[in-house]
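Q: Have a look; sequence and predicted model below, questions after that.
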Amino acid sequence: MAVAAVAARFDATTRTLHLRPATPAYRTQLTLHQKQIIAKVNNMVGPDTVRQLEILRPAALTSPHPSRAQQCSDTCAR
């Protein structure tokens, strides 16, 4: 199962939780549901722990290792 977002860091001074989504679509969802996410997080960790979210750019997609891709194309072509 894919992870929609990861907590990149927490700034205790501003009480900001920085989230890095896996895709642009997840970024949109996080942005639309910020209030609900903050409420759920605070319900789990304590009231007023998180005041705001910072939704970061999605994580960079990684391409397969070139030698593995070549191995697959060699074996898959047979």
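A: Happy to help now that I have it.
Q: Identify all contacting residues around the strand or helix carrying Tyr26.
A: Element membership of Tyr26 [criterion: DSSP states H and E] is helix 24-32. Identification of contacts with helix 24-32 by Cβ atoms under 8 Å, 6 or more residues apart in numbering yields 4-5, 19, 21, 37, 53, 55, 57-58. Bear in mind the C-beta positions are built from the backbone N, C-alpha and C, glycine included.
Q: Would you indicate which residues of it are buried?
A: By 16 or more other Cβ atoms under 10 Å, the buried positions in helix 24-32 come out as 26-27, 30.
Q: That one - what's its average pLDDT?
A: Regarding helix 24-32, the rounded mean pLDDT is 96.
Q: for stretch 41-57, same thing?
A: 96.
Q: Restricting to C-alpha, output that stretch in CSV.
A: Provided in CSV are the C-alpha atoms of stretch 41-57 (Å, rounded to 0.1, in the frame of the first residue of the first chain):
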residue,chain,number,x,y,z
VAL,A,41,-3.5,14.9,14.8
ASN,A,42,-4.4,17.0,17.9
ASN,A,43,-6.8,14.3,19.1
MET,A,44,-4.0,11.8,19.0
VAL,A,45,-1.1,13.8,20.4
GLY,A,46,-2.7,16.4,22.6
PRO,A,47,-4.9,19.5,22.2
ASP,A,48,-3.4,22.5,20.4
THR,A,49,-0.2,20.7,19.6
VAL,A,50,-0.5,21.4,15.8
ARG,A,51,-1.9,24.8,14.8
GLN,A,52,-1.2,24.7,11.1
LEU,A,53,0.0,22.5,8.3
GLU,A,54,2.6,23.3,5.7
ILE,A,55,2.0,21.2,2.6
LEU,A,56,5.3,20.7,0.8
ARG,A,57,5.9,19.8,-2.8
